[in-house]
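> Fold the following for me, if possible:
(chains A and B)
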Amino acid sequence: MKILLIGNPNVGKSAIFSHLTGVSVTTSNYPGTTIQFTKGYFTFNEQKHEVIDVPGTYRLNPEAESEKVAVKMIEYGDILVNVIDSTNLERNLNLTLQLMEFGKPMVIILNMWDDAKHKGIEIDAIKLEELLNIPVITTNGLTGEGLNALPEKCMAANQIRLTEDTLSSKWEKIGNIVAEVQNLSHRHHTFIEKLQDLSIHPFFGPPSALLMLVLSFKIIITAGEFLVEYTAKLFDIVYTPFILWLSNILGGQGLIHALLIGEIDSSQINYEGAMGVLTTGVFVALGIVLPYIILFYLVFGFLEDLGYLPRVAIILDRLLHKIGLHGYSIIPMFLACGCNVPGILAIRNLETRRERFITAVITCTTIPCMAQTALIIKAVAKQGGVYLLLTFVTLLSTWAILGMFLKEKVKGTTPTLLLEVPPYRAPNIKIQFKKLWMRVKCFFKEAIPYVLGGILIIDLLHILGVIAWIGKLFSPIIKGVFGLPEDTVAALIIGVVRKDAAVALLEPIGLSSMQMVIAVVVLTLYFPCVATFTVLFKELGAKDSAKAVSLMFIVTILAGGGLNLLNRIYSPGLIIAVEIAIVLIISLTLPSLFRRRT
Amino acid sequence: MRKRKIALSSMKNIQSGIVLEIKGGGGMCTKLESLGIRIGSKIKKKSALIFLGPVIVSVGNTEIAIGYGMASRIFVEVDG
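Residues are numbered from 1 along each chain as shown, chains lettered A, B, ... in the order given. Model prediction:
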């Protein structure tokens, strides 16, 4: 039998799916995350049944992509299991009545049953079953309580026929059902609710959001630095002896030695400068990047499941309108801070082509992934705090300016924000760890081979002299515009494959503080890593991707060249001030500049 | 008490009312309806973010954020 889990967004379908099938599905507390449907199997009475988690939808009029997909899946399925949020019965019943029109066997799950009780909402499940002639069970999706009643009810479900109503009579019908079945009792505003209100309060909202953001990043970065020091020591104790032994066996020289181990001292290993696959490659991936990735996803996963992210979207909405986007686009951009690939994939949630294009372009151009950020911090921080600040202020300014420019140039309008604000829900620790595990596993499979491969390729190209040749070819730009030595080209080549390895490659070149900043900025802006580009190409199509790439090159020249130029006149601290001033001036003058044209 | 018709964006915080009219196309109306905002629904404004930011309302048991532009096209009947 093919069982479909179908219901409004954010009702807990994914958690139920997870309990039924045992397959890990990431669950998140904001609508629209299950963008692709997920399939699994569930055994009952020694028979295997297919379970499909249909993307959450409010209704079935075929306007949006997700609704078209939902209708197709309903036609494919045998039983419709309608998951309802018990705290929102009236609204959820809209979909229920629409589902009944398909005439397929149905079962209703009143999920979030304990949440409803906490809110003083009592629903007479038996009465509901009578009125609709559909079996009803009550569950707590997070813990799985109540779900064992599901299989029997599925077997017992009948086909239903519902006459088609006009719109107004449908709502009347729903109103009647709710009146008969639901009973509300008064409760006091709880502390959690006060916190919820605070997060989107007109005065306290924005500063509290800023605080949360700064706090989150501070946690990730501080804990990250601490962990990295620790992993470095770990490497010295555990890994160095192995490498030294290997080096001995290989005779301390030769091609294999150069590729695998690189340049080392006889007793100590500088993992960042060695440039061997087994030395720099392994250390960068496991010792530097992995701690930051774990920390990022811990914090992000927590905020996700807590229900905090839509609130940030609401607070930032007005600001994001200045770059042609609305609040919801902040979520792909946050994801991109961890890894650009899920960030670009999340763009599917945005409504218009214009939004998708603008978000995609500014995300993969200016937002460095956590792996990259980890290495940037390591490389630039030792030059001085002001240089690190300059790097990120430059990237942020580029983000703003590019966004403002695209807002005027890209055709179309920005849709208005219309977003359900989910209540705070305590994240379930088991689900948190499942999510973290999946994401870290993904990193191992997708990223690490590229890092190792990247270092290998660069070493080979270096030995063959190709790097030197390409360096000479591009030297007018690299030296003239950016003020960087020719050797930087090696990093730029590898940056196409993997950005973190590229930043690591800057280390042995010996750049000045400012050169380091310029190199890092150029590496971030000029092109996304190959994994990101593949996804970008699939999401935007050939024409738009080409436009995106050309924009990236232009932006890189302007930003890198600009920094180089400003460096001759100002100190880094002043450059920061100049950049902020430029952003403000552009934000005030750009709209009028473009309006005069038309 | 007198009844007035004002836009959602002009409502005061904590004010309640009943939706009278939605000045929008079919798309906007269906989107609002599926979230529970339609003619006749009871709506309570909770707050609005400064600088013409989104308006936060509660309808039934749901809290919804509506962009200022859209909120100025939803008309609500309020007391007094």
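> Doesn't residue A:406 lie inside a helix?
Yes: applying DSSP: H, G, I helix; E, B strand; the rest coil, one finds residue A:406 inside a helix.
> And the pLDDT at it?
Per-residue pLDDT puts residue A:406 at 89.
> how about the residue of the stretch 301-450 of chain A at minimum distance from chain B, what does it touch?
When scored by C-beta to the nearest C-beta, the stretch 301-450 of chain A has residue A:416 as its residue closest to chain B, at 3.3 Å. Bear in mind the C-beta positions are built from the backbone N, C-alpha and C, glycine included. Residue A:416 sits next to A:326, B:66-70 when contact means C-beta atoms under 8 Å, 6 or more residues apart in numbering or on different chains.
> From those residues, pick the one nearest residue A:592.
Set against residue A:592, the nearest of the contacts of residue A:416 by C-beta to C-beta is residue B:69 (20.8 Å).
> what's the neighbour count on the closest one?
Residue B:69: 15 surrounding residues under other C-beta atoms under 10 Å in any protein chain shown.
> re earlier: tell me the SS of the residue of the stretch 301-450 of chain A closest to chain B?
Note that with three-state DSSP, the state of residue A:416 is coil.
> where does it fall, phi/psi-wise?
phi -80, psi 150 (degrees, to the nearest 10).
> how about the helices in the stretch 51-200 of chain A?
In the stretch 51-200 of chain A, the helices defined using DSSP state H, counting those that start in this stretch lie at A:65-76, A:89-100, A:113-118, A:125-132, A:150-156, A:167-181, A:191-199.
> list the helices and strands the longest one packs on?
Think helix A:167-181. helix A:89-100, helix A:125-132 (3 or more C-beta pairs under 8 Å, 6 or more residues apart in numbering or on different chains; DSSP states H and E).
> Okay, angle between it and helix A:125-132 too, please.
150 degrees (axes from the mean of the first three to the mean of the last three C-alpha atoms, to 10 degrees).
> before we move on, back to that, switch the helices of the stretch 51-200 of chain A over to a markdown table; also include mean neighbour count and mean pLDDT.
Shown next, in a markdown table, are those (neighbours: other C-beta atoms under 10 Å in any protein chain shown; pLDDT from 0 to 100):
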| stretch | mean neighbour count | mean pLDDT |
| --- | --- | --- |
| helix A:65-76 | 16 | 78 |
| helix A:89-100 | 21 | 87 |
| helix A:113-118 | 18 | 84 |
| helix A:125-132 | 16 | 85 |
| helix A:150-156 | 17 | 78 |
| helix A:167-181 | 14 | 74 |
| helix A:191-199 | 14 | 76 |
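> Run a quick neighbour tally on the closest residue to residue A:327 other than its chain neighbours.
In space, not counting the residues next to it along the chain, residue A:327 is nearest to residue A:317; the distance is 3.2 Å by C-beta to C-beta, 6 or more residues apart in numbering or on different chains. Using other C-beta under 10 Å, residue A:317 has 25 other residues around it.
> From residue B:64, how far off is residue A:317?
13 Å (C-beta to C-beta, to the nearest Å).
> what do you get for residue A:538?
From residue A:538 to residue B:64 the distance is 33 Å (C-beta to C-beta).
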